[in-house]
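Participant: Got a predicted structure here, sequence first:
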Amino acid sequence: MYSKGQVVTVKITNITPFGAFCELKDATGLIHISEFSDFFVKDMKQFVNVGDEVEVEVLDFDADKKQVKLSYKNCRPELLKKTNSQIQETGAGFQPLKEKINSLTSK
């Protein structure tokens, strides 16, 4: 019925501190607060209100329960952080720390 990555239009039915509930054609859905933006979200009413119809991306679908996990931000690139802004690993890992500890304990 719904597949991962599919873009659907939903109607917002309720907003809670942790997400927004919505209805689809044959299922109910939840947009978790973490799926509104990669940036800090203080209030989901900055993005949607009860009664709004919005496009979202399907993250997961439970056919038995007829429940859908949805993402608001995946349909809006301006709400996603750039990949190069994430913390990058150094490659050295904990080796410098291990060497420092060894030098202090060997004295």
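Facilitator: In hand now; what should we look at? It should be emphasised that the depicted structure is a prediction, and the values quoted were computed from it without experimental measurement.

Participant: So which residue is dead centre in the chain?
Facilitator: Geometric centre of the chain, nearest residue: residue 35, 3.0 Å, by Cα atoms, centre = their mean.

Participant: For that residue, give me its contacts.
Facilitator: Neighbour list for residue 35: 19, 59, 69-74 [criterion: Cβ atoms under 8 Å, 6 or more residues apart in numbering]. In short, each C-beta sits where N, CA and C put it, glycine included.

Participant: for the chain, which spans come out with low pLDDT?
Facilitator: 83-93, 107 (pLDDT under 70).

Participant: Going by residue numbers, what spans are helices in it?
Facilitator: For the chain, the helices defined by DSSP state H cover 95-105.

Participant: for it, what spans make up the strands?
Facilitator: Counting by DSSP state E, one finds strands in the chain at the ranges 7-16, 19-23, 28-32, 53-62, 67-71.

Participant: As TSV, these with distance to residue 103 and mean neighbour count would be great.
Facilitator: Output for the strands of the chain, formatted as TSV (distance: least, Cβ to Cβ, whole Å; neighbours: other Cβ atoms under 10 Å):
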stretch	distance to residue 103	mean neighbour count
strand 7-16	53	16
strand 19-23	50	21
strand 28-32	46	20
strand 53-62	48	17
strand 67-71	48	21
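
Participant: and the closest residue to residue 29 other than its chain neighbours, how far is that from residue 18?
Facilitator: What sits nearest to residue 29 in space, not counting adjacent residues and going by Cβ to Cβ, 6 or more residues apart in numbering, is residue 68, at 3.9 Å. Distance, residue 68 to residue 18, using Cβ to Cβ, to the nearest Å: 16 Å.

Participant: Check residue 11 too.
Facilitator: 19 Å.

Participant: Please apply the same query to residue 101.
Facilitator: 41 Å.

Participant: so what's residue 67 up against?
Facilitator: So residue 67 contacts 27-30, 61 (Cβ under 8 Å, 6+ apart).

Participant: For residue 96, state which of those residues is nearest.
Facilitator: Distance to residue 96 across the contacts of residue 67 (Cβ to Cβ) is lowest for residue 30, with 43.4 Å.
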